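Student: Show me the folded form of this:
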Amino acid sequence: MKRNIDKSCFYCGRGSLDICRNDCFRNRKIYYLRKKFTKSIRNLIINFLNKRKFEVKHVSWKEEYTEFVDLENLIDSLKPMSIQTSFVRIGSGEDGGYIVPNIFDEVKVSNCFSPGVGEYSDFEIDLYDKYNIPSFLADNSIPHLPNPKEYLHFTKKHLGVVNNKTDLTLDSWVENKTDKDNTNLILQMDIDYSEYEVILGTTSKTLNKFAILLIEFHRLQDLFLAKSFKFYKPTFEKLLQNHSVVHIHPNNNMPSKQIGNLIIPDTMEFTFLRNDLIKSSNKNLSFPHQLDTPNNQQKKDVILPKCWY
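Tutor: As a prediction, this is how the structure comes out:
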């Protein structure tokens, strides 16, 4: 026989736990209770070890959570804008394809910079076939392009924060491959967690030359951890100086993590449009977009959680 358990909201004391509408921040309370509980367990372990003559003055825990309000504010700043410009899909119908603002009739986009090639270059080939835009590609993990074309210019180097025999910076790459007055470029970047240091190491002047930024961000679940949040937050803030998010698509190859009312997919594809090209709209956004497709066709797609829009 099931016990009759009181499921009223323990924070405001009114209503059902499932349907509480008193704006009592129930989930936020759960979040802080979990954080407080983690700290209590840490102190118990330290005291236990000290009593047994282990001199433990400090223990560093990975589960030091980000302040909830700080995380909420960052996610709010990354919510996609509603724009008048329509979207097109460029690249394959799975991993490697992106939802892109269709600015190509209004803006002359000269080149695409695409670090991180791997086993295919479908995006760059489709970009040229549809819009006659050549691409510069870089990847030190492959000997050559999987599909060499005269309009695909390959450099066997990783994109990084220094210039040496194996790495190059985005600043030097753009400077060496384009004219100074070229201010309408595309960046399509999937470099497996190196995106944060590359963005932080790139000047705002170079980033502002890109009309469109297509970036896959990895290990986003670490936003819940204070140590990672301090690294991630300035990365996004730098991008938002001159660009705005106009689309997000979670990669269904990776899981999502939830704490309280915040759900963060581990890997997501962000589409940014430079602010001077944005014409805002009052249309309500809904996800997934009709052009979105699963990165892995063998798995169910991950829908962008509502806390992100």
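
Student: Could you use CA atoms for every contact and neighbour count after this?
Tutor: Fine.

Student: Which of the helices or strands spans Val69?
Tutor: Here Val69, judged by DSSP states H and E, is contained in helix 68-77.

Student: and the helix or strand just after that helix, how far from the chain's centre?
Tutor: Moving toward the C-terminus from helix 68-77, the first helix or strand encountered (DSSP H and E) is strand 87-90. Taking C-alpha atoms, centre = their mean, to the nearest Å, the mean C-alpha location of strand 87-90 is offset from the chain mean by 19 Å.

Student: what does stretch 196-207 give?
Tutor: Worked out by C-alpha atoms, centre = their mean, stretch 196-207 lies 15 Å from the chain centre.

Student: Name the residues of it that are buried.
Tutor: Within stretch 196-207, the residues scored as buried using 16 or more other C-alpha atoms under 10 Å are 196, 198-202, 206-207.

Student: Tell me which two of those sit farthest apart.
Tutor: Tyr196 and Thr206 (15.5 Å; C-alpha to C-alpha).

Student: before we move on, back to that, of the buried residues of stretch 196-207, closest to Lys230?
Tutor: Relative to Lys230, the closest of these is Tyr196; by C-alpha to C-alpha it sits at 11.4 Å.

Student: can you map out the strands along this protein?
Tutor: With DSSP state E as the criterion, the chain has strands at 87-90, 98-101, 111-115, 135-138, 152-155, 158-159, 167-168, 185-189, 210-217, 243-250, 256-259, 262-265, 268-274.

Student: Of those strands, which is nearest Asp301?
Tutor: Across the strands of the chain, Asp301 has its closest neighbour in strand 243-250 (8.1 Å, C-alpha to C-alpha).

Student: Give me the sheet partners of the closest one and which way each runs.
Tutor: Sheet pairing for strand 243-250, assigned by DSSP bridges, gives strand 268-274 (antiparallel).

Student: Need the residues that contact the strand it pairs with.
Tutor: Defining contact as C-alpha atoms under 8 Å, 6 or more residues apart in numbering, one finds that strand 268-274 is touched by 98-101, 208, 210-218, 220, 242-251.

Student: Kindly present the strands of the chain as TSV, with separate columns for distance to Lys283, mean neighbour count and mean pLDDT.
Tutor: Below are the strands of the chain laid out as TSV (distance: least, C-alpha to C-alpha, whole Å; neighbours: other C-alpha atoms under 10 Å; pLDDT from 0 to 100):
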stretch	distance to Lys283	mean neighbour count	mean pLDDT
strand 87-90	14	18	98
strand 98-101	15	24	98
strand 111-115	29	24	98
strand 135-138	33	24	98
strand 152-155	37	19	97
strand 158-159	37	25	96
strand 167-168	41	18	96
strand 185-189	26	22	98
strand 210-217	21	23	98
strand 243-250	13	24	98
strand 256-259	27	14	94
strand 262-265	24	20	97
strand 268-274	17	23	98
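
Student: for those strands, which one sits closest to Lys79?
Tutor: Each of these was checked against Lys79 via C-alpha to C-alpha, and the shortest separation belongs to strand 243-250, namely 6.6 Å.
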